[in-house]
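In: I need the structure of the sequence given here:
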Amino acid sequence: AEQEAKFPNLIADINRSPAAFVVHDGDFKSGFSLCDDAKFASSKQLFQDFEMPFILVYSDKESTDCHRSNNGSYDPVERLAKLREIFNQGDGSLGKRTLTLTRQSENPQFAKYRENVRWIYHGIVFFAINMPGSNNNFGRTPEADREYVDRNQANLAWIAECFALAKRNNSKGIMLVAQANPGFELDPADKRRSGYNDFIAALETETRNFQGQVVFVHGDTHYFRIDKPLPRFTDETQLPR
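Out: Predicted structure coming up:
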């Protein structure tokens, strides 16, 4: 509640900045508040107050965790459909000044994944995937596992497509945004990483085969941190200075 009260001031500060666009990588509500339509609608109204384009990336707080009783005991799959209905209409971003986005849903094979988006700015390919916390919605129920399997397939295809585009365009770099911390430092056999192993493997392969810079941004470490989990060179003497 304290952060929500201050959020309009944050919007005002950002609106006075030279930012070209804003990306919110999830958790626009707390882990113990309702996942109801009213919260979704009021959040969208706030996001529309940004002067520049605004792109929302989904998180566990608004989808996978909504089954919790203190969230209202919602069906996470139904809530995910509601998020898409409210936040991902048309081909434009949110915000007063909009940005045209390429959506994965333009491919009939992945028609429902409107939240997986891409745009190019100053030669950099920016793209987002729906990869939330709580182990990517994997391992809780059979219904959740089916949702995970389908979305994971879409995410892997979107990652491959966006990297391929960056290569064709000789892009200087790529920025990938998702909400979840995939647990780079965890053992692949760790259950907390089981929903992210495919993502980490794909990201490593694509990064090593891309000549430009790759930045992965997520919002689930709960403190500000910059590191290099996938160094390109195994010999530290070859690392660029």
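
In: which regions of this protein lie under the pLDDT threshold?
Out: 231-241 (pLDDT under 70).

In: buried sites along stretch 215-225?
Out: F216, H218, G219, D220 (16 or more other CB atoms under 10 Å). Every C-beta, even on glycine, is put in place using the N, C-alpha and C of the backbone.

In: make TSV out of those and add distance to N9 and secondary structure.
Out: Converted to TSV, the buried residues of stretch 215-225 look like this (distance: CB to CB, whole Å; DSSP: H, G, I helix; E, B strand; the rest coil):
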residue	distance to N9	secondary structure
F216	29	strand
H218	25	coil
G219	20	coil
D220	24	coil
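
In: quick check: buried residues in the helix or strand containing W158?
Out: Using DSSP states H and E, W158 sits in helix 142-168. Neighbour-count burial for helix 142-168 flags 144, 147-148, 151-152, 154-159, 161-163, 165-167 (criterion: 16+ other CB under 10 Å).

In: so how many other residues sit close to F40?
Out: 19 (other CB atoms under 10 Å).

In: which residues touch it?
Out: Listed by CB atoms under 8 Å, 6 or more residues apart in numbering, the contact partners of F40 are E62, K82, L83, I86, F87.

In: just the buried members of these?
Out: E62, K82, L83, F87.

In: just the buried residues of stretch 215-225 now: which is nearest I11?
Out: Nearest to I11 among the buried residues of stretch 215-225: G219, at 17.5 Å, using CB to CB.

In: if we can go back for a sec, widest-spaced pair of the contacts of F40?
Out: Pairwise over the contacts of F40, using CB to CB, the maximum falls at E62 and I86, 10.2 Å.

In: in a helix, E204, correct?
Out: Yes. Secondary structure of E204 (DSSP: H, G, I helix; E, B strand; the rest coil): part of a helix.

In: contacts for stretch 63-70 next, please.
Out: 31-33, 35, 71-76, 79-80, 83, 132-134, 136-137, 140, 144.
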